[in-house]
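1. The following block contains a protein sequence and its predicted model.
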Amino acid sequence: MKLLVIDGNSIINRAFYGIKLLTNKDGVPTNAIYGFLNIMLKLKEMSSPDAVAVAFDVHAPTFRHKMFDAYKAGRHAMPDELRAQMPILKNLLTLLGYKIVECEGWEADDILGTLAAQCRKNGDECFIATGDRDSLQLAHGGVKVLLARTKMGQAVTDVYDEKAIFDEYGVSPEQLIQVKALQGDSSDNIPGVQGVGPKTALDLIARYESVDNIYEKLDSLDIKEGVRAKLAKDKENAYLSLALGEIKCDAPIETDINAYAVKPNDLKAAAGEFSRLELYSLMPKFELDANDAAQVISPAKNRSLTCTEIVGENELFEKIENKVYLYPVVIENSVSDLYFAFGDDIFVLHSENESFNHIVTRLFEDESIKKLTYNSKQLHRLAARLGVECRNVAGDLMLSAYLLKPSDNNYGIEHLCLDYNIAVPKYSNPLGGEDENVSFAAVLEPLFEKTNLLLDEANQTKLLNEIALPLTRVLAKMEIIGFSVDKKGIEDFSKKLSSRIDELTGLIYSSVGY
């Protein structure tokens, strides 16, 4: 079997500091969760594990603190924005079927060590994912460490085994514990031998193998007298540091690797959480259903849709009272079909219909009928092609969504349904295939109900009606007709910009020195 063990605290810290602060619409921070889940997906891709364990520290003293009061003293407290994300991430992982491993009195490192040791004993492969080099001491006997680090501003993951460690450090993985005993570790407040740095510590262990050997033969070692004096003076700290730095492999946790097989716990609830946190891009990567999310957050009645093809104009206009919900289907920048939604009854007008132009012209020029659509620009383009005006466009879902969340980069129907917790009803055509256009037309009305309410609350309705909607008509005509440009003026401005960029680049290199 292959086991992936993730150092939860280490990876979520890297995610938190590596991604700018993100929040959902309720102000809940999400950047660490988003980053952690993305990293986990990449780690799984690298290792193809049969089982996954995610280890976290418990906020309580460990045996190391009891051994040395000052252990990890001076560390900065966890930022509130990160602390708030920890329980949310753990809940998400549990819902997705990943095992969270915590052990009071022990550190996450000891959980990594214990599971690594069990894999060695079983002859299983083990991958330890962390950003902490302390775990390199575990990379032997079939255990590999996937070390996350930053190189030239980019996140990279290095794979370490015995050979890689020897090539870089000149010692075995187990001997890295001995090195740390001598050099100490300021991040964990492990004292080491005062005055002995990494280079000297590595040289001593490479030549004399262990702290025990060094102190047994201290008087006869081929070393500088100053180093000998430092070692003699801090012998007690060296052995204390050895005990503090060694990762234990006997933490009282579940060691049956099969217990860490990923078994989805509640994917519907997970989908609801992903939607609440607005982690929409991750949902398909975890095979979560958007409709599950909507049903969990805002349960809706099952909708049974019907779809009728429009043949003559009367069957459409008999349904229309004073407004109509329109979903234009666009192929190669031209409207091919128009879907009209009347609750659960959807009507479709195909462009091949011989009455298409007549029906659309009558509809567009009738100012008494409000047109509420997904993308009003497409209606104006179609109207221009027919030589008419599309009058009384009263709603544009994409525009409404933009005004409510201008920083978003996705205003697709499915994304909006996730954002506003609307379930997308399924529709199967008589041939058995699903027709998503029918489904999308059916969600226009509930989406407008939600966005219109939010626009009113945000005092944005006037902006939509008096500026955004009229401007869309202008833009549509500009796209069709085009507009004059000063080609030479643009080229001259480009040269001016390039010259200024070169000038600034030179100043930057001159100031920095390289």
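-> Great, that's in hand. Numbers count the residues shown, from 1 in each chain.

2. per-residue pLDDT, the nearest residue to Gly113 once chain neighbours are set aside?
-> The shortest distance from Gly113 to any non-neighbouring residue, by CB to CB, 6 or more residues apart in numbering, is to Ile247 (3.9 Å). C-beta coordinates here come from the backbone N, C-alpha and C atoms, glycine included. pLDDT for Ile247: 92.

3. Can you show me the helices along the stretch 101-250 of the chain?
-> 108-122, 162-169, 175-183, 198-208, 211-216, 225-233, 235-245 (DSSP state H, counting those that start in this stretch).

4. isn't the residue nearest to Gly113 right up against Ile111?
-> No. Using CB atoms under 8 Å, Ile247 is not in contact with Ile111, being 9.5 Å away.

5. Those two: which has the busier surroundings?
-> Neighbour totals were compared for Ile247 and Ile111, and Ile111 leads with 26 against 21 (other CB atoms under 10 Å).

6. Quick check: that one touching Ala55?
-> Yes. Here Ile111 lies in contact with Ala55, judged by CB under 8 Å, at a distance of 3.9 Å.

7. which neighbours do the two share?
-> Common neighbours of Ile111 and Ala55 are listed as 5, 101-102 (criterion: CB atoms under 8 Å, 6 or more residues apart in numbering).

8. Of these - the most surrounded one?
-> With neighbours taken as other CB under 10 Å, the top of the shared contacts of Ile111 and Ala55 is Val5, carrying 31 neighbours.

9. per-residue confidence at it?
-> With respect to pLDDT, Val5 scores 97.

10. and Ala270, what is it in contact with?
-> Under the criterion of CB under 8 Å, 6+ apart, the neighbours of Ala270 are 92, 95-96, 264, 286, 288.

11. So which of the residues you listed are in helices?
-> Per DSSP state H, helices hold the following members of the contacts of Ala270: 92, 95-96.

12. Can you check which helix is longest in this protein?
-> Per DSSP H, the chain has its longest helix at helix 487-512.

13. tell me the SS of Val330?
-> Following DSSP: H, G, I helix; E, B strand; the rest coil, we place Val330 in the strand state.

14. what's the burial count for it?
-> 15.

15. mind checking how far the closest residue to it other than its chain neighbours is from Ile359?
-> The shortest distance from Val330 to any non-neighbouring residue, by CB to CB, 6+ apart, is to Gln378 (5.6 Å). Distance of Gln378 to Ile359, computed by CB to CB, to the nearest Å: 16 Å.

16. Those two - which one has more neighbours?
-> Between Gln378 and Ile359, counted using other CB under 10 Å, Gln378 has the larger neighbour count: 24 against 18.

17. Got the confidence number for the more buried one?
-> pLDDT, Gln378: 92.

18. Give the buried residues for the helix or strand encompassing it.
-> Element membership for Gln378, per DSSP states H and E: helix 376-386. For helix 376-386, the neighbour count (16 or more other CB atoms under 10 Å) marks 376-384, 386 as buried.

19. Phe68: which of those is nearest?
-> Comparing the buried residues of helix 376-386 against Phe68 with CB to CB places Lys377 closest, at 67.6 Å.

20. For the closest one, which non-adjacent residue is spatially closest?
-> In space, Lys377 is closest to Ala476, 4.6 Å off (CB to CB, 6+ apart).

21. List the buried residues of stretch 88-105.
-> 88-90, 92-99, 101-103.

22. Tell me where this structure has strands.
-> Assigned by DSSP state E, the strands in the chain fall at 2-7, 51-55, 99-101, 125-130, 143-151, 154-160, 306-309, 323-331, 334-342, 345-350, 370-373, 393-396.

23. and those as CSV, adding distance to Leu282?
-> Below are these laid out as CSV (distance: least, CB to CB, whole Å):
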stretch, distance to Leu282
strand 2-7, 16
strand 51-55, 16
strand 99-101, 19
strand 125-130, 18
strand 143-151, 19
strand 154-160, 17
strand 306-309, 32
strand 323-331, 27
strand 334-342, 30
strand 345-350, 31
strand 370-373, 30
strand 393-396, 29
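
24. Might you list the low-confidence residue ranges for the stretch 151-300 of the chain?
-> Across the stretch 151-300 of the chain, the ranges flagged by pLDDT under 70 are 152, 294-300.

25. pretty sure Asn189 is in contact with Asp69, am I right?
-> No. Taking contacts as CB under 8 Å, Asn189 lies outside contact range of Asp69: 9.9 Å.

26. With neighbour numbers in mind, choose between those two.
-> Higher neighbour count among Asn189 and Asp69: Asn189, with 16 against 9, using other CB under 10 Å.

27. Backbone torsions only: list them for that one.
-> Per-residue torsions, Asn189: phi 60, psi 40 (degrees, to the nearest 10).

28. how about it, what does it touch?
-> Asn189 is in contact with 70-75, counting by CB under 8 Å, 6+ apart.

29. ok, 10 Å please
-> For Asn189, the contact set (CB atoms under 10 Å, 6 or more residues apart in numbering) comprises 68-75, 244.

30. least confident pick among those?
-> Minimum pLDDT for those is recorded at Gly74 (71).

31. Could you report the separation of it from Phe56?
-> Applying CB to CB, the value for Gly74 to Phe56 is 22 Å.

32. Please apply the same query to Ile320.
-> Taken as CB to CB, the span from Ile320 to Phe56 is 59 Å.

33. Looking at these two, which has the bigger crowd around it?
-> The residue with more neighbours, out of Ile320 and Phe56, is Phe56; 22 against 16, by other CB under 10 Å.

34. Could you count how many residues lie near the closest residue to that one other than its chain neighbours?
-> Distance criterion CB to CB, 6+ apart; nearest residue to Phe56, sequence neighbours excluded, is Gly8 at 4.1 Å. Neighbourhood size, Gly8 [other CB under 10 Å]: 26.

35. What pLDDT is listed against Gly8?
-> The predicted local confidence for Gly8 is 96.

36. show me what contacts it?
-> 36, 40, 53-57, 86, 89-90, 93, 100-102, 108, 111, 129-130.

37. for Ile257, same thing?
-> Listed by CB under 10 Å, 6+ apart, the contact set of Ile257 reads 1-3, 49-51, 53, 115, 118-119, 122, 124, 126.

38. Also Lys217?
-> Tyr208.

39. again with Phe16
-> 29, 31-36, 78-79, 81-82, 85.

40. Where helices are concerned, which of these count?
-> Reading helices off the contacts of Phe16 with DSSP H, I get 31-36, 81-82, 85.
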